[in-house]
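**Q** below is the sequence, then the predicted model.
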Amino acid sequence: MRSFVNPQDLGDLQKAMQEALEIKNDRFKYQHLGKNKTLMMIFFNNSLRTRLSTQKAAMNLGMNVIVLDVNAGAWKLETERGVIMDGDKAEHLLEAIPVMACYCDMIGVRSFAGLSDREYDYAETVLNQFLKYSGKPVFAMETATVHPLQAFADLITMEESWAKDNGHSLDNFDFNHKKMKAVLTWAPHCRALPQAVPNSYVQWMLAAPDVELVVTHPHGYELDPKFLEYTNPATGEVRRAVVEYDQRKAFEGADFIYAKNWSCPGVTEPADYGKILSKDMSWTVDTEHMSWTNNGKFLHCLPVRRGLIVTDDVIESPNSLVIPEAANREISCSVVIKRMLESL
Ligand SMILES: NCCC[C@H](NC(=O)CCC(=O)O)C(=O)O
Ligand SMILES: NC(=O)OP(=O)(O)O
């Protein structure tokens with residue numbers, strides 16, 4: 001595997017899930033693969049989980065790890081071509097990428113959406129330059145529009161929880177069981193946040209044949225249509241997300257509630273791209289919201305702002321999966337790095 005951006009990059013998702021569960025049973029099974037290989041993690045934005053879980057996964061696989069925080073000690077990088085570099089950016093990505101690639105065998109990139117230029121963000125301008133000019137396998141550690149390591153970990157967490165509650169084994173994992181109802185709900189926030197997490201969550205839930213997905217949000221927060229539709233590469237089957245503007249209706253009978261804030265994706269009104277359109281606190285997930293579900297489990301990628309996205313009671317309840325979800329980041333990342341090591 002030379003790039004990891006979308007679920008299709010993993011090929012057969014059932015196989016990838018089996019691999020994840022196998023690695024979870026023995027995290028060091030493939031330690032020989034990474035000997036004398038170096039992962040470079042490049043952060044244009046802050047991180048707690050991605051930084052730690054990716055480093056841990058690489059170490060489990062026997063790799064050396066270099067971490068670069070671009071905004072803490074490196075030269076400020078220009079990312080657009082054709083500009084006169086007379087501002088504060090001393091180096092261009094087009095030199096920096098091949099230079100960084102000299103020192104490693106694999107690259108992870110975190111580069112959030114700037115939320116001011118929709119076209120620039122949705123073209124994945126930074127990620128694509130790494131894919132094009134590094135000559136190394138590259139994986140997304142949350143980029144302008146996607147966060148696949150998170151969504152893969154979310155799926156693992158849901159499958160584990162479902163298997164435990166329904167008394168079936170995860171040995172020889174397959175998707176052939178009763179469908180789980182998952183709801184992605186927008187929730188209020190004080191800052192404008194990217195759409196990467198909801199985009200990937202929708203994409204991955206549509207890729208999982210055992211998930212029935214409903215997306216709920218106020219009007220104006222419609223996600224980019226390319227993420228609301230998924231074509232199975234093996235069968236050609238197309239699945240589309242159901243959008244329900246009534247949050248209560250969406251929650252009814254849900255097995256999983258995935259809460260997340262995102263700013264306006266600018267689909268219906270391009271001029272609103274990246275803006276906060278609503279701070280409606282009736283969308284905050286509290287115990288009353290959870291009472292509408294089928295004893296639903298609560299998920300969030302973290303970091304989460306309590307009181308805005310979710311109440312203390314819900315996130316601390318036995319139905320909250322936020323910690324196992326974060327723990328599974330080590331597992332999703334191990335599968336990705338293993339696949340990339342195998343391709344070297
Ligand atoms: N990687 C997980 C989420 C990262 C980011 N959240 C944030 O920036 C939250 C920051 C804050 O709450 O101030 C996002 O929404 O995409
Ligand atoms: N969920 C997640 O990606 O967390 P960090 O932003 O802390 O890496």
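**A** Structure received. Numbers count the residues shown, from 1 in each chain. Ligands and ions are numbered 1, 2, ... in the order given.

**Q** give the contact list for S263.
**A** L115, A192, L193, P194, Q195, Y273, G274, K275, I276 (Cβ atoms under 8 Å, 6 or more residues apart in numbering). For the C-beta atoms, the positions are set from N, CA and C on the backbone; glycine is no exception.

**Q** ok, G253 touching N294?
**A** Yes - counting by Cβ atoms under 8 Å, G253 sits close enough to N294 to count as a contact (5.0 Å).

**Q** common neighbours of the two, please.
**A** The contact sets of G253 and N294 overlap at K181 (Cβ under 8 Å, 6+ apart).

**Q** ok, and the most crowded of the contacts of S263?
**A** Counting neighbours by other Cβ atoms under 10 Å, the top entry in the contacts of S263 is Q195, with 30 neighbours.

**Q** show me the contacts for that residue.
**A** Applying Cβ under 8 Å, 6+ apart, the residues contacting Q195 are A113, T145, L223, D224, W262, S263, P265.

**Q** same question, V242
**A** L213, V214, V215.

**Q** follow-up on the earlier one: hmm, which of the contacts of Q195 are the buried ones?
**A** Buried by 16 or more other Cβ atoms under 10 Å: A113, T145, L223, D224, W262, S263, P265, out of these.

**Q** which of those sits closest to I323?
**A** Proximity of the buried ones among the contacts of Q195 to I323 (Cβ to Cβ) peaks at W262, which lies at 22.7 Å.

**Q** and the residue in the stretch 1-150 of the chain that ligand 1 sits nearest to, what helix or strand is that in?
**A** With Cβ to the nearest ligand atom, the shortest gap between the stretch 1-150 of the chain and ligand 1 falls at E142, namely 4.9 Å. If you go by DSSP states H and E, E142 is not part of any helix or strand.

**Q** count the residues that sit near it.
**A** E142: 27 neighbours (other Cβ under 10 Å).

**Q** could I get the contacting residues of it?
**A** Listed by Cβ under 8 Å, 6+ apart, the contact partners of E142 are N45, S47, T50, R110, F112, L149, Q150, P194, A196, V197.

**Q** for the first one, grab phi and psi.
**A** The main-chain torsion angles of N45 are listed as degrees, to the nearest 10 and equal phi -140, psi 170.

**Q** check what pLDDT it gets.
**A** On pLDDT, N45 comes in at 97.

**Q** swap in the third one?
**A** At T50, the pLDDT value in this model is 98.

**Q** these two touch, right, it and F139?
**A** No - in this structure T50 lies outside contact range of F139 using Cβ under 8 Å: 10.6 Å.

**Q** which one of these two is surrounded by more residues?
**A** Taking other Cβ under 10 Å, T50 and F139 do not tie; F139 has more neighbours (28 against 22).

**Q** quick check: the more buried one is in a strand.
**A** Yes - F139: assigned to a strand according to DSSP: H, G, I helix; E, B strand; the rest coil.

**Q** bridged to it, which residues?
**A** F4, G108 (DSSP bridges).

**Q** over to R239?
**A** Applying DSSP bridges, one finds that R239 bridges with Y230.

**Q** need the contact list for it.
**A** Applying Cβ under 8 Å, 6+ apart to R239 gives the contacts L206, E229, Y230, N232.

**Q** tell me the contacts of the third one?
**A** Under the criterion of Cβ under 8 Å, 6+ apart, the neighbours of Y230 are P7, Q203, L206, A207, V238, R239, R240.

**Q** what residues are up against the third one?
**A** Going by Cβ under 8 Å, 6+ apart, L206 touches L213, L228, E229, Y230, R239, R240, A241.

**Q** show me which of those are buried.
**A** Taking 16+ other Cβ under 10 Å as the criterion, what is buried in these is L213, L228, Y230, R239, A241.

**Q** just put those in TSV and tack on pLDDT and distance to ligand 2.
**A** Shown next, in TSV, are the buried ones among the contacts of L206 (pLDDT from 0 to 100; distance: Cβ to the nearest ligand atom, whole Å):
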residue	pLDDT	distance to ligand 2
L213	98	20
L228	97	22
Y230	96	22
R239	96	25
A241	95	21
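
**Q** as TSV, those with distance to L127 would be great.
**A** As requested, the buried ones among the contacts of L206 are arranged in TSV below (distance: Cβ to Cβ, whole Å):
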residue	distance to L127
L213	25
L228	21
Y230	20
R239	25
A241	23
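
**Q** got the phi/psi numbers for L341?
**A** Main-chain dihedrals, L341, degrees, to the nearest 10: phi -60, psi -40.

**Q** my guess is it contacts M106, does it?
**A** Yes - look at L341 against M106 with Cβ under 8 Å: they come within range, at 7.5 Å.

**Q** turn the contacts of Q195 into CSV, columns for secondary structure, distance to L77 and pLDDT.
**A** As requested, the contacts of Q195 are arranged in CSV below (DSSP: H, G, I helix; E, B strand; the rest coil; distance: Cβ to Cβ, whole Å; pLDDT from 0 to 100):
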residue, secondary structure, distance to L77, pLDDT
A113, coil, 16, 98
T145, coil, 20, 98
L223, coil, 29, 98
D224, coil, 26, 98
W262, coil, 26, 98
S263, coil, 24, 98
P265, coil, 26, 98
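
**Q** mind giving me the domain split of this structure?
**A** Using automatic domain parsing, the domain ranges for the chain come out as 3-145+329-342, 149-326.
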